[in-house]
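Engineer: Need coordinates for the following:
(2 chains)
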Amino acid sequence: MHFLDFNPKQDFHLLFLSFVLPLIGYTIQIFFGKKLPRRGDWLLTGFMFVSMCITVLMFAKSLWAAYHGQEFRHHSGLEADLWFHWLYSSDAAAAGTSNVSAAIYYDALGAAMYAVVGVVSFCVHLFSIGYMSQDKRYHIFFANISLFTFAMLGLVLSDNILFLFIFWELMGLMSYLLIGHFSHDPSQKFFHRWATQACKKAFLTTRVGDTCLLIGMVIFYQHFGTFNFNELWRLAQEEVARNGGEYPTWMTVAGLFVFGGTVGKSAQFPLHVWLPDAMAGPTPVSAMIHAATMVAAGVFLLGRTYPLMSPEVLSIVAATGTFTALFAASIGTTANDLKAVLAWSTISQLGFMVAAVGLGGVVAGMFHMVTHAFFKACLFLSAGSVIHGCHHEQDMRNMGGVRKYMPVTFACMLASTIAIAGIPFFSGFYSKDLIILRAWENVLGGHFDGASFFAAVALPVAACLTAFYMFRLIFMTFFGEYRPGTVPSPFAHHGGHDEHGHEEHGHEAHGHAAHGHAAHDHGHDHGKDHGHGKDHGHDHGHAKHAPAVHAHAAKAHDAHGHDAHAHGGHDEHATPHESPLPMLIALCVLATLGVFGGHFWPADLGHSLAFWHHAHTWFETSVSLESLYGASAPLERELLGHAGHTAHIVALSVSLTVASLGILIAYLIYGRGWERSQRIAGKITGALGDLYDVVKNKYYVDEAIGCAIVVDVDAKGNRRYQPDASVIGWSVSLGLALNWVDKNIVDGLVNLVGRTGRSIGVASSHFDRVVVDGAVNGVGLVTQTFGSVARLVQSGRIQQYATFAVFGGLMLAAWLILL
Amino acid sequence: MGLGAYVAVSAALFALGIVAILVRRNVLYVLMGIEMILNAANINFVAFDRFNQSASGGGGLEGRMFAIFVIILAAAEAAVALAIVLNVFHLFNSVKPSEADLLRE
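Structural biologist: Numbers count the residues shown, from 1 in each chain, chains lettered A, B, ... in the order given. Prediction:
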């Protein structure tokens, strides 16, 4: 047996080990983390390294099997009798129903995802050592990302949808805790308040989707009596066959509910609103949870439940995904916050994956999930590195020219940007091209339905926008001259990174005047009053420290003396600096995977590298409908004539055209100097007028939901939106529409649930009154009766007691004598 | 007179004592009842001692010794009991046993 052959006896234990190691680490860390040297980061990173090695080894085994044409679908329960019995009875086992038992299910898709999670999580641990080093809750942060990793690994290994759901919820909780990481740290000024609200928003919004998933799951369980994926696939196939090849209506309904879970977790329209605000969390968290793993779990769920989805559901999935991809990409073009661009990009890319599954290209969707995890994690970590280097500035308008100061970060970010933009030989091209190909195959192959047509047109547009906004980001951040303080930014001045942390976002309210006073916080002792600012702050500083104005600050930023980057008086620190080594290692690992993740493996061992997309990439070799679902795989749609070939050519030319078009536009606008870019961008936004405002304000979805459901939706708290006349119409009409949905559908559902709950409640209360209360009162009454009888004896009169004693003695005597 | 007569007297005395304890409403009579029971026991001791000796032809002093013990015991008991009665009287301002019913608690 080759050492890369899967050995059930040993490998399931290894898999289990890799999955519980982060949990063990978490347990140690949560109790002893504060006391450990370096607050325990080495421990968890070490554990994670071991886990990663196992995940990669196992992944290698899956590839080995794929290239040797062996089936790679392993179930620990069936092969090694390793079960976790939960809600288990042997009677039910004998009857073959209603037992909930979990086991490890490890197939090619699981192996790929498992390795992705392991590698990304390790990189994020490594990165956090540098990035979070100033954090007050450093040890808690590490504990939380470890527990998150545990949950994500568990989700991937689950062989049943119930345990997937349990880990899914655990991830939701960890996401909540990690988004809200800064909410415990009042010195983080801006993030403190934002994080507090953003974590609640994320938790509650995803809860809507999770409830849908739970409902869908229960409907399937009610009909099929099992949570196990393999069983579900088989039973679904039988059910469809019994129904004459058509999916029954209840499966459509249940499938839609399950898709609701994806909508919530993977931030699809209209539940996408939480993801941009999730950027309030630390950047490594954004990289891992909100880009690479957790949000991809929704897509992973679609991959696992694909055979359960009826064509109607898939159309809706495709339409939702396509719409989200286009919608989020358009917003991404207007964002100025570095992380916000990436957040919208993530939503857009998730839309691509969801659309792919909806179009029947489940392999393409999963492939994009894997490649996206690498390059997006790398993008986020690079962004984190830039933010770290620029002293926690996040606004791209205040950056520029950073490539001179941070060459490694620049190289990694550029590579990942090329990957996401879809340039050949970089991973993103292969997966995105497969998705667009899928859409065109459907259109040209005679499966002309609305969703496919929409996807075939809209996805390339979204891809073009992707290339545009990603290169806009690169040009704005890395090219030109470094220009700190161009616009007032709420981000800088927080944390232990600089000594002074004053209420920066207050400046927006009282305008530029405050920034004229260059020295107002140089070397100022803020130990006592961190929250000062406004007039008091600058008066004080000005009077006392005016002589300390640094020549550099006065010269370079004379218009905006506000110097966001002063480091206790060292001017040199005002320029960005490259990040420490652990962060760079993490970046390079991810960038390498982001570049080569698409095609690095030969399609079959005899051939050279799979350079061209119609040669199969490693992912298509190891993951196919058959390897995913075995005998229960839904049939591939037959294509008409040469449709497949034509689609290849169309898709290839389309995706190449849109990618280069996007990059070209980005260069024309942003690549030729900052002033010129502002002039051109100003003209364009002027021409677009209200439309630009609508996009800029994220289509007012937040506000619309706010009108319909919540009173105050502004998660950042300090910048409440003031609508002007031209947008009130938009806002109100969307609001009215959503209000109608809310009144008639949401409320209807809520009321239905409510009424059901109420009738159960009435029955339960009746039962409670009659039976339970009856039993309790009965017991009481009996006791009371006996008590009151016994009480007569207990009179306290000594003579009465003596009488009883004497009579007792007499009776004893009588008994002795007479018998 | 045979043993039966002594035992009969003793039994009568015992019964009277018991009745006194059970029915008298003054605690001093109750104490008297106790003394009567003790004396009933003494009569038994002495009577059996006497008849046992005449039947077996001489022997030990056990019966008589026990009678003396009982008399001493009765004296001690009377002293303690009267002290208790005194305290009961202080506490309840009464010497009726029916009113000292704190044992009920």
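
Engineer: distance of A:Val741 from A:Pro270?
Structural biologist: Going from A:Val741 to A:Pro270 by C-beta to C-beta, to the nearest Å gives 9 Å. Where C-beta positions appear, they are placed from N, C-alpha and C, glycine not excepted.

Engineer: Tell me which of those two has more neighbours.
Structural biologist: When A:Val741 is set against A:Pro270 and neighbours are counted by other C-beta atoms under 10 Å in any protein chain shown, the residue ahead is A:Pro270, at 17 against 13.

Engineer: For the more buried one, which non-adjacent residue is spatially closest?
Structural biologist: A:Val701 (6.5 Å; C-beta to C-beta, 6 or more residues apart in numbering or on different chains).

Engineer: if you average pLDDT over whichever strand or helix holds that neighbour, what comes out?
Structural biologist: Following DSSP states H and E, one finds A:Val701 within helix A:701-708. The pLDDT scores in helix A:701-708 average 66.

Engineer: Looking at the stretch 1-150 of chain A, which residue is nearest chain B?
Structural biologist: At 50.9 Å from chain B, A:Phe31 is the closest residue in the stretch 1-150 of chain A, using C-beta to the nearest C-beta.

Engineer: Is that residue within a helix or a strand, and which one?
Structural biologist: Element membership of A:Phe31 [criterion: DSSP H and E] is helix A:8-32.

Engineer: Help me confirm that A:Tyr131 comes into contact with A:Thr283.
Structural biologist: Yes. If you go by C-beta atoms under 8 Å, A:Tyr131 and A:Thr283 touch, sitting 6.4 Å apart.

Engineer: Would you mind telling me which of these two has more residues around it?
Structural biologist: With neighbours defined as other C-beta under 10 Å, A:Tyr131 and A:Thr283 compare such that A:Thr283 has more, 28 against 25.

Engineer: What sits closest to the more buried one if chain neighbours are left out?
Structural biologist: Distances taken as C-beta to C-beta, 6+ apart place A:Gly384 nearest to A:Thr283, at 3.2 Å, with adjacent residues excluded.

Engineer: In contact with the one you found, which residues?
Structural biologist: Listed by C-beta atoms under 8 Å, 6 or more residues apart in numbering or on different chains, the contact set of A:Gly384 reads A:127, A:131, A:283-284, A:286-287, A:583.

Engineer: Can you check which residues contact both of A:Tyr131 and A:Thr283?
Structural biologist: A:384, A:388.

Engineer: I'd like the mean pLDDT over the strand or helix carrying A:Val253, please.
Structural biologist: Element membership for A:Val253 (DSSP H and E) is helix A:249-265. Here helix A:249-265 scores 92 as its mean pLDDT.

Engineer: so how far is the helix holding A:Phe31 off the chain centroid?
Structural biologist: A distance of 22 Å separates the C-alpha centroid of helix A:8-32 from that of its chain, computed with C-alpha atoms, centre = their mean, to the nearest Å.

Engineer: Return the backbone torsion pair for the residue of chain B found nearest chain A.
Structural biologist: Taking C-beta to the nearest C-beta, chain A has its nearest neighbour within chain B at B:Arg104, 2.6 Å off. Note on B:Arg104: its backbone torsions stand at phi -60, psi -30 [degrees, to the nearest 10].

Engineer: Burial check on the closest residue to it other than its chain neighbours, number of neighbours?
Structural biologist: Leaving aside its sequence neighbours, B:Arg104 sits nearest to A:Gly796 (C-beta to C-beta, 6+ apart; 2.6 Å). Per other C-beta under 10 Å, the neighbour tally for A:Gly796 reads 14.

Engineer: And the one 5 residues further on, by the same measure?
Structural biologist: A:Tyr801 has 14 neighbours, counted by other C-beta under 10 Å.

Engineer: Likewise for the one 10 residues further on?
Structural biologist: Residues near A:Met811, counting by other C-beta under 10 Å, number 10.

Engineer: list the buried ones in the strand or helix carrying it?
Structural biologist: For A:Met811, the element it lies in under DSSP H and E is helix A:798-818. By neighbour count on 16 or more other C-beta atoms under 10 Å in any protein chain shown, the buried set for helix A:798-818 is A:798-800, A:802.

Engineer: what helices or strands is it leaning on?
Structural biologist: Where contact means 3 or more C-beta pairs under 8 Å, 6 or more residues apart in numbering or on different chains; DSSP states H and E, helix A:798-818 is packed against helix B:3-23.

Engineer: Going by neighbour count, list what's buried in the helix it packs on.
Structural biologist: Buried-residue list, helix B:3-23, by 16+ other C-beta under 10 Å: B:6-7, B:10, B:13-14, B:17-18, B:20-22.

Engineer: continuing past that helix, what's the next helix or strand?
Structural biologist: helix B:27-56.

Engineer: That next one packs against which elements?
Structural biologist: Judged by 3+ C-beta pairs under 8 Å, 6+ apart, helix B:27-56 is in contact with helix B:3-23, helix B:62-92.

Engineer: list the contacts for residue 104?
Structural biologist: By default, I'm working from chain A. A:12, A:15-16, A:74-77, A:82, A:157, A:159.

Engineer: oops, I was thinking of chain B
Structural biologist: A:794-797 are the contacts of B:Arg104 under C-beta under 8 Å, 6+ apart.

Engineer: want to try TSV for these, with secondary structure as columns?
Structural biologist: Supplementary listing: the contacts of B:Arg104 in TSV, determined by DSSP: H, G, I helix; E, B strand; the rest coil:
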residue	secondary structure
A:Gln794	coil
A:Ser795	coil
A:Gly796	coil
A:Arg797	coil
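
Engineer: returning to that earlier point: return the subset of the contacts of A:Ile104 lying in helices.
Structural biologist: A:12, A:15-16, A:76-77, A:157 (DSSP state H).

Engineer: From those residues, list just the buried residues.
Structural biologist: Those of the ones in helices among the contacts of A:Ile104 that meet the buried threshold are A:12, A:15-16, A:76-77, A:157, by 16+ other C-beta under 10 Å.

Engineer: Output these in a markdown table; the columns should cover distance to A:Pro488.
Structural biologist: Below are these laid out as a markdown table (distance: C-beta to C-beta, whole Å):
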| residue | distance to A:Pro488 |
| --- | --- |
| A:Phe12 | 56 |
| A:Leu15 | 51 |
| A:Phe16 | 52 |
| A:Ser76 | 57 |
| A:Gly77 | 59 |
| A:Leu157 | 48 |
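
Engineer: Pull up the gap between the closest residue to A:Val253 other than its chain neighbours and A:Ser62, please.
Structural biologist: Closest residue to A:Val253 apart from its sequence neighbours, by C-beta to C-beta, 6+ apart: A:Ile219 at 6.9 Å. Distance of A:Ile219 to A:Ser62, computed by C-beta to C-beta: 32 Å.
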